[in-house]
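Engineer: Just a sequence and a predicted model for now, questions to come.
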Amino acid sequence: MKNIDSRTHTRGESVYVDDMPVIAGTLYAVAFDSVVAHAKIKSLDLTEAEAVTGVERIFTYKDITGENQIGGIIPDEQLLAESVVDFWGMPIALVVAESEEIARVAAKKIKVEFEKLPVIVDPREAAKQNKLIMPPRTFQNGDTSAQWAKCEHIIEGIAESGGQEHLYIETQGAYAVPLENGNIKIYSSTQGPTAVQRTTARVLGLPMHKIEVDVTRLGGGFGGKEDQATTWAIMAALATHHLKRPVKCILDRMADMRMTGKRHPYSSDFKLGLSKDLKILAFEATFYQNAGAAADLSPAVLERTLFHANNTYNIPDAKVTAYSCKTNLPPNTAFRGFGGPQGMFVIEAAIVKAAEELGIEPTVIQEKNLLKDGDMFHYGQITAGCMAKNCWTRADELYNIKKTREEVDAFNAKNKLYKKGFAIMPICFGISFTKTLMNQARALVHVYTDGSVGVSTGAVEMGQGVNTKMLQVAATIFSISVNRVKVETTNTTRVSNTSPTAASATADLNGKATQLACEAILGRLKKRAAIELKANENDITIKDEVVYVKGNKTELTWPKLVTACFINRESLAEHAHYATPEIHFDTTKERGHPFAYHVYGTSLYTVTIDCIRGTYDIDSVRVVHDYGKSMNAAIDRGQIEGGIVQGIGWMTMEELIYNSEGRLMSNALSTYKVPDIYSVPKEILIHPLETEVDSLAIFNSKAVGEPPIMYGIGAYFALRNAVKAFNPSANIPLNAPMTPEKVLMGLYEKSVAFKSEALPV
Ligand code: MTE
Ligand code: LUZ
Ligand code: MOS
């Protein structure tokens, strides 16, 4: 089935917040933000700005009627700065005017005096100064200290990965509309309608029921709107609350890039111990997460880094520790993979470094240590339905690992100015919010008297196709045409207390709730059919909108049956609740069974570098992916292709640069490079590993949103492999992204020993 949005998307008719017809009397809000990363606010003078014609009002923290606090996990973040600014881009005031243009002009006239404070941008420096968001956490299994003596090879090093700008096509924004009695309705581009509702209520000092949040769809979120859409919704609502007028607050691209948080950069230490036959005996890592100036979702992201520190390898003795480091960057936040990619990059770096030191292929170590059923993750969960080896083996059958390697070597033997590189990136990603309580969802299903159906859930459509999947669930359970089903906007008055659309679990959680609601209605319909047809309820089935008794077609059709139910005063609506069974996690022991299941996959990369220029092409990405049993092959394929390209962007070209003053230098698309049509892989092959193993996935169709981004890590190591083909002794720091500049430096790097001798004293 096609994505139900494909028609309006391609015709440009899909509606986003900024496309909504403007209500008469609407005002426009623009945030005035800090131009220093850490300072005391000595004075703030609004007079000149307030005098600009068309300015309605300028708000500061003093106008906040509830709490000036937007921190979700830890209450450590002010909506509007009071006496101190903690990052470049922190909102200080909100200018509300008759037009966005006027608001912008007025914001420039605000005068503020700062007294600068020391700026920290480096997470290790923050850790050294004990500036931490929370106490460090350690996951531990077995006893690594006892293992080192048994190791034949011990490899230590540092691995670093950079941040990533979400670059959703639709920037952050919200439209707040006053209703009667001081109630407010907010149209928000958010992954978390309930987070917007809850935090707006808190800041305005209102009960949650006075705030209604409505979401039609997002022009992309990628995690950037899991928590950080809230700020802009509250800004609009704060003005609406005071002025009783509709208020729009939409960020332009540069404001969005400057003021919002991104993927967390990490700097990590690793120590890997191998036996003589290359089994991983011990692994230790210390992760320094660059959290930025406030907690935001960093504690949860940090946790997922620890969960995914082993990627897809069996490591009986592991000890991993993570520090969430408070720096003066905008608070970093959720981004596809949610700390998992950062963790997985480190174990892959350790394996590659080990292979380079031993003069062997990394694939040998990778393959030897793949997880299998019955192995235990370092947090206590036992693997079941493990597809790590199945994916690897199938990839070898389909794409021939040995032959691919030989072709790369043959090319390199023949060519001087171009070199090819090869890498395999296997993945394993846990599905469920790591915070167990978040794994719940509800759905509200209405069957109307004409047989058409309306489905409301907590799921937010952001391009990933979840609305199409919800529609498929309802149509499948009822066995009716997809044309009879409509998926409603996501609205807090219809479905409440929702978890954000995140963790790739949206289709599972909301799909299962939809399934339960539909099944309850179906049960009543079948009962009614049995009465109408004078048959036994257990003999009734509905197929393609027709009622069958003992497999025999009857005259009773879906619309007639629905009408019969209504005439007999039986309910045609249902609100259902789903909570993932089996999962639990004890944070005092750091052990449990946090994930409903894991998603596996294997990807093979070949790349070509230009040894004069340092430029490169990704030649091919060949994947075997564990779909379970995909309920929508086209959508799932799109998720994998998009995830791969986004992951390659993170690992190869997207480079966030903050200067030592904490100012974002890569603050526009002229200085921040993302993958485009010319840089995407020349070939992407995706082979489904369709499995019949039962899982907690909706219709056994495994979650697919985030796992593929981690395939992108293979691009980094394939490029490194190509550089080494040209300059085998190159000492290349394990520091992503592998930009063309870094490739070039690696190509002409002399070994460290050589360098120190050659340097003039
Ligand atoms: N795909 C598109 N097109 N746009 C997005 O914003 N977000 C990703 C992924 N795929 C995203 C996307 C992220 S970060 C997550 S968590 C999942 O979609 C969320 O949706 P799901 O739970 O329905 O997979
Ligand atoms: N958000 C969250 C997430 O709150 N918890 C998670 O475990 C998670 N995982 C992935 C993406 N977002
Ligand atoms: Mo995705 S990082 O869970 O929004």
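Structural biologist: That came in fine, so what should we check first? Ligands and ions are numbered 1, 2, ... in the order given.
Engineer: Check the spacing between residue 666 and residue 205 real quick.
Structural biologist: 39 Å (C-beta to C-beta, to the nearest Å). No exception for glycine: its C-beta is placed from N, CA and C like everyone else's.
Engineer: Would you mind telling me which of the two has the busier surroundings?
Structural biologist: Neighbours of residue 666 and residue 205, each counted by other C-beta atoms under 10 Å, are more numerous for residue 666; the result is 17 against 11.
Engineer: Please tell me I have it right and that one contacts residue 674.
Structural biologist: No: judged on C-beta atoms under 8 Å, residue 666 makes no contact with residue 674 at a distance of 10.7 Å.
Engineer: which residues are in contact with both of the two?
Structural biologist: residue 165 (C-beta atoms under 8 Å, 6 or more residues apart in numbering).
Engineer: number of nearby residues for the closest residue to ligand 2 within the stretch 251-400 of the chain?
Structural biologist: Closest residue of the stretch 251-400 of the chain to ligand 2, C-beta to the nearest ligand atom: residue 338 (3.3 Å). Residue 338 has 30 neighbours, counted by other C-beta under 10 Å.
Engineer: The chain should start at 54 in everything you say after this.
Structural biologist: Sure, I'll start numbering at 54, so the last one becomes residue 391.
Engineer: List the contacts of it.
Structural biologist: Counted by C-beta under 8 Å, 6+ apart, residue 391 has contacts 276, 350, 353, 354, 357, 555, 556, 759.
Engineer: Quick check: phi and psi on it?
Structural biologist: Dihedral pair for residue 391: phi 60, psi 50, per degrees, to the nearest 10.
Engineer: Okay, it and residue 552: tell me how far apart.
Structural biologist: 13 Å.
Engineer: Kindly report the same for residue 636.
Structural biologist: Taking C-beta to C-beta, one finds residue 636 at 13 Å from residue 552.
Engineer: try residue 103
Structural biologist: 41 Å.
Engineer: Which strands or helices does the longest helix anywhere in the chain pack on?
Structural biologist: Longest helix in the chain by number of residues (criterion: DSSP state H): helix 559-585. Packing partners of helix 559-585 (3 or more C-beta pairs under 8 Å, 6 or more residues apart in numbering; DSSP states H and E): strand 493-500, strand 506-510, helix 519-531, strand 593-596, helix 611-620, strand 626-632.
Engineer: okay if I get the ones you listed as JSON lines plus mean neighbour count and distance to residue 711?
Structural biologist: Below are these laid out as JSON lines (neighbours: other C-beta atoms under 10 Å; distance: least, C-beta to C-beta, whole Å):
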{"stretch": "strand 493-500", "mean neighbour count": "24", "distance to residue 711": "38"}
{"stretch": "strand 506-510", "mean neighbour count": "23", "distance to residue 711": "39"}
{"stretch": "helix 519-531", "mean neighbour count": "23", "distance to residue 711": "34"}
{"stretch": "strand 593-596", "mean neighbour count": "17", "distance to residue 711": "59"}
{"stretch": "helix 611-620", "mean neighbour count": "18", "distance to residue 711": "59"}
{"stretch": "strand 626-632", "mean neighbour count": "17", "distance to residue 711": "41"}
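Engineer: Please list the residues of the stretch 354-503 of the chain that sit near ligand 2.
Structural biologist: Counting by C-beta under 6 Å from any ligand atom, the stretch 354-503 of the chain comes close to ligand 2 at 357, 387, 391, 486, 487, 488.
Engineer: 8 Å instead?
Structural biologist: 354, 356-357, 387, 389-393, 485-488, 491 (C-beta under 8 Å from any ligand atom).
Engineer: One more: the chain?
Structural biologist: Within the chain, the positions adjacent to ligand 2 are 276, 279, 350, 353-354, 356-357, 387, 389-393, 485-488, 491, 552-553, 555-558, 759 by C-beta under 8 Å from any ligand atom.
Engineer: what's around the residue in the stretch 704-814 of the chain positioned nearest to ligand 2, how many residues?
Structural biologist: Ligand 2 sits closest to residue 759 of the stretch 704-814 of the chain, with a gap of 6.1 Å, by C-beta to the nearest ligand atom. Residue 759 is flanked by 28 other residues according to other C-beta under 10 Å.
Engineer: Likewise for the one 10 residues further on?
Structural biologist: The criterion is other C-beta under 10 Å. On that basis, residue 769 has 28 neighbouring residues.
Engineer: Which helix or strand contains it?
Structural biologist: Assigned by DSSP states H and E, residue 769 falls within helix 766-779.
Engineer: Which strands and helices lie in contact with that helix?
Structural biologist: helix 393-411, strand 471-484, strand 650-663, strand 669-681, helix 686-705, helix 793-800.
Engineer: Identify the residue nearest residue 639 in space, chain neighbours excluded?
Structural biologist: residue 645 (5.1 Å; C-beta to C-beta, 6 or more residues apart in numbering).
Engineer: Quick check: the one you found touching residue 430?
Structural biologist: No: in this structure residue 645 lies outside contact range of residue 430 using C-beta under 8 Å: 10.1 Å.
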